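Chemist: below is the sequence, then the predicted model.
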Number of protein chains: 2
Amino acid sequence: MLSKKTKYGLKALTYLASLETREPVQIAEIAKHENISQKFLESILLTLRRNGFLGSKKGKGGGYYLIKEPEDILMTAVMRVLEGPIAMVPCVSLNFYEKCADCPDENKCSVNKLMLQVRDSALEVYRSNTLADLIAS
Amino acid sequence: MLSKKTKYGLKALTYLASLETREPVQIAEIAKHENISQKFLESILLTLRRNGFLGSKKGKGGGYYLIKEPEDILMTAVMRVLEGPIAMVPCVSLNFYEKCADCPDENKCSVNKLMLQVRDSALEVYRSNTLADLIAS
DNA sequence: TTAAAATCTATAAAAACTATAGGGTAATAG
DNA sequence: CTATTACCCTATAGTTTTTATAGATTTTAA
């Protein structure tokens, strides 16, 4: 299951990208427009800022804004930041690899074999979608 | 993340499929061979039986055994029983569809658009893999 | 027929994760 | 200086996952 964190984060990014302007947009406005719990969204936007997707401005007239062009924001990057590993199992993860404690040999593991394919196919999708691709009605 | 339930279930099925015989195999043997908590495995095997993948025999000489040929067991079916929906979001699920409460229009939803592609690519993988495909070393 | 070997059932507890809320701090514009 | 708004920390309720406990039931073999 996709976490709401990821879902909300994607929606927020899409909303910001859909706007003409790149002026700061208040959390409250995003939350209201996308039906998101404002406090929760707050923490999501923060991690998006910390990971180089958004800029922010404090005080009156402050808010969040896209720091890159939508065409340059790949879903692989967004997903890794919001949802974590793309692989469903650590032993097939590119960026978060970890050996399974119980599995003596990955090359003979059926789970490994299947999840490797799933990872590759998901990666293919995420790699071929930018934020811009998700906006077009 | 793939749940351990699914992981263990897959390993158990693979182990049974890898054996020459289709005689009953005790839970204890499967658990030991695959490094799985026996009691947990017990409940997993039970749901696999209830869903038509395994047969069982009680009493001395009892155990679990494959009820179909490995070539006839599709990963789509296994995953749906063990892991649940293949889609990461209910609004793109074929078998477990549900409308998002917050989303006014699915056709304009960026999450929907992305997750639809992810579902399709995962489905493609699961459809083209049978239990037999996961055994071959 | 009895005892042993298994599966079956139910429950619950521990752990981990998810989603949300509250309240205070810091920066900024006017 | 004051209002506004992002930032940051903490807590908590709820859910899901995983494992453990305890026993009931069925089957087989001797």
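Modeler: Done, it's in.
Chemist: how about low-confidence regions in chain A?
Modeler: Chain A contains residues with pLDDT under 70 at A:137.
Chemist: for the most far-flung residue of chain A relative to its centre, what are phi and psi?
Modeler: Centroid-distance maximum for chain A: residue A:104 at 33.0 Å, with Cα atoms, centre = their mean. Note on residue A:104: backbone dihedrals following degrees, to the nearest 10 are phi -70, psi -30.
Chemist: over to residue A:56?
Modeler: Dihedral angles (degrees, to the nearest 10) for residue A:56: phi -140, psi 160.
Chemist: what does the one 10 residues further on give?
Modeler: Backbone geometry at residue A:66, expressed as degrees, to the nearest 10, gives phi -70, psi 140.
Chemist: contacting residues around it?
Modeler: A:13, A:16, A:17, A:22, A:53, A:54, A:55, A:73 (Cβ atoms under 8 Å, 6 or more residues apart in numbering or on different chains). The way it works is simple: take the backbone N, C-alpha and C, and place the C-beta from them, glycine included.
Chemist: how close does residue A:91 get to DNA strand C?
Modeler: 16 Å (Cβ to the nearest atom of the strand, to the nearest Å).
Chemist: how close does the residue farthest from the centre of chain A sit to residue A:50?
Modeler: 39 Å (Cβ to Cβ, to the nearest Å).
Chemist: interface residues of chain A facing chain B?
Modeler: Remark: the part of chain A in contact with chain B comprises A:1-2, A:7, A:10-11, A:14, A:34-36, A:75, A:85, A:88-89, A:102-103, A:107-111, A:113-115, A:117-118, A:121-122, A:124-126, A:129, A:134-135, A:137, using Cβ under 8 Å from any Cβ of the partner chain.
Chemist: hmm, back to that, got the contact list for the residue farthest from the centre of chain A?
Modeler: By Cβ under 8 Å, 6+ apart, residue A:104 has no neighbours at all.
Chemist: please apply the same query to the one 10 residues further on.
Modeler: With contacts defined as Cβ under 8 Å, 6+ apart, the neighbours of residue A:114 are B:10, B:75, B:125, B:129, B:134.
Chemist: for those residues, which one is nearest DNA strand D?
Modeler: Closest approach between the contacts of residue A:114 and DNA strand D, by Cβ to the nearest atom of the strand: residue B:10, at 12.3 Å.
Chemist: compute the number of surrounding residues for that closest one.
Modeler: 26 (other Cβ atoms under 10 Å in any protein chain shown).
Chemist: now do the SS call for the residue lying closest to it once chain neighbours are set aside.
Modeler: What sits nearest to residue B:10 in space, not counting adjacent residues and going by Cβ to Cβ, 6 or more residues apart in numbering or on different chains, is residue A:111, at 5.2 Å. Secondary structure, DSSP: H, G, I helix; E, B strand; the rest coil: residue A:111 is helix.
Chemist: what about residue A:111, distance to DNA strand C?
Modeler: To DNA strand C, residue A:111 is 18 Å away according to Cβ to the nearest atom of the strand.
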